[in-house]
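Q: Just a sequence and a predicted model for now, questions to come.
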Amino acid sequence: MAQLRALLAAQRVKLGVHIRRMNSPGSPVYRMYENVWPAATILVTSFLGTWAVHFYLGAAILGVGCWWWIAKWLPKIKDGVFERTSALVLHDAKQFDYWWVAGVLSLYAAMPDGSERAAAKRDDWREFVRIVSAETEQEAPAA
């Protein structure tokens, strides 16, 4: 695990997270207030605008709210889920193994010779880390 953390810190390996699976109820990194309350607020405000003034105001509120949700709020949610998941799985090898087998995590590395390697659920992440570490150490003295 320490070798993987070192490769991630050196940006030799990138960690991939299945955001949709981790941002679902029941996941340890899911935050309801991030997902439900902003969408509910947009919807209720749109209904109130329609009821109090006119359909066009409600539609405008809904349109602006949807734009805000997709353009401004959703990237923050994705970043937060990624950060919380990374902290969770990199803290303990057992957690990493559990979420790896569940298919939530993946690893990617651009090798010094220009080739690319990736590992997902069906691959052994420890072997992937060994291979990437060995190849990057092998290339370092030659440079």
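A: Thanks, I have the structure now.
Q: could you say what helices and strands the least confident helix or strand in the chain by mean pLDDT packs with?
A: Using mean pLDDT, DSSP states H and E, helix 125-142 stands out as the lowest-scoring helix or strand of the chain, at a mean of 82. Counting contacts by 3 or more C-beta pairs under 8 Å, 6 or more residues apart in numbering; DSSP states H and E, the secondary-structure elements packed against helix 125-142 are helix 2-9, strand 105-110, strand 116-119. C-beta coordinates here come from the backbone N, C-alpha and C atoms, glycine included.
Q: Out of the ones you listed, which gets nearest to Leu62?
A: Distance to Leu62, taken as C-beta to C-beta, is lowest for strand 105-110 among the helices and strands packed on helix 125-142, at 35.8 Å.
Q: List the buried residues in that closest one.
A: For strand 105-110, the neighbour count (16 or more other C-beta atoms under 10 Å) marks 105-107, 109 as buried.
Q: Same question for stretch 126-134.
A: Across stretch 126-134, burial judged by 16+ other C-beta under 10 Å covers 126, 128-129, 132-133.
Q: Going by distance to Arg5, which of the buried residues of strand 105-110 wins?
A: Leu107 (12.3 Å).
Q: Look up how far Leu105 lies from Lys14.
A: Per C-beta to C-beta, to the nearest Å, Lys14 is found 11 Å from Leu105.
Q: can you tell me which helix in the chain is longest?
A: Secondary structure of the chain per DSSP state H: the longest helix is helix 32-52.
Q: okay, it in CSV with CA atoms only?
A: The C-alpha coordinates for helix 32-52 follow below in CSV (Å, rounded to 0.1, in the frame of the first residue of the first chain):
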residue,chain,number,x,y,z
MET,A,32,-27.5,13.2,1.3
TYR,A,33,-27.3,16.9,1.9
GLU,A,34,-25.0,17.3,-1.1
ASN,A,35,-27.4,15.5,-3.4
VAL,A,36,-31.0,15.9,-2.2
TRP,A,37,-31.3,19.3,-0.6
PRO,A,38,-30.1,21.4,-3.6
ALA,A,39,-32.3,19.6,-6.1
ALA,A,40,-35.3,19.7,-3.8
THR,A,41,-34.8,23.4,-3.2
ILE,A,42,-34.7,24.1,-7.0
LEU,A,43,-37.8,22.1,-7.5
VAL,A,44,-39.8,23.6,-4.6
THR,A,45,-38.7,27.1,-5.7
SER,A,46,-39.9,26.4,-9.2
PHE,A,47,-43.2,25.2,-8.0
LEU,A,48,-43.6,28.3,-5.8
GLY,A,49,-42.7,30.5,-8.7
THR,A,50,-45.3,28.8,-10.9
TRP,A,51,-48.0,29.0,-8.2
ALA,A,52,-47.3,32.6,-7.1
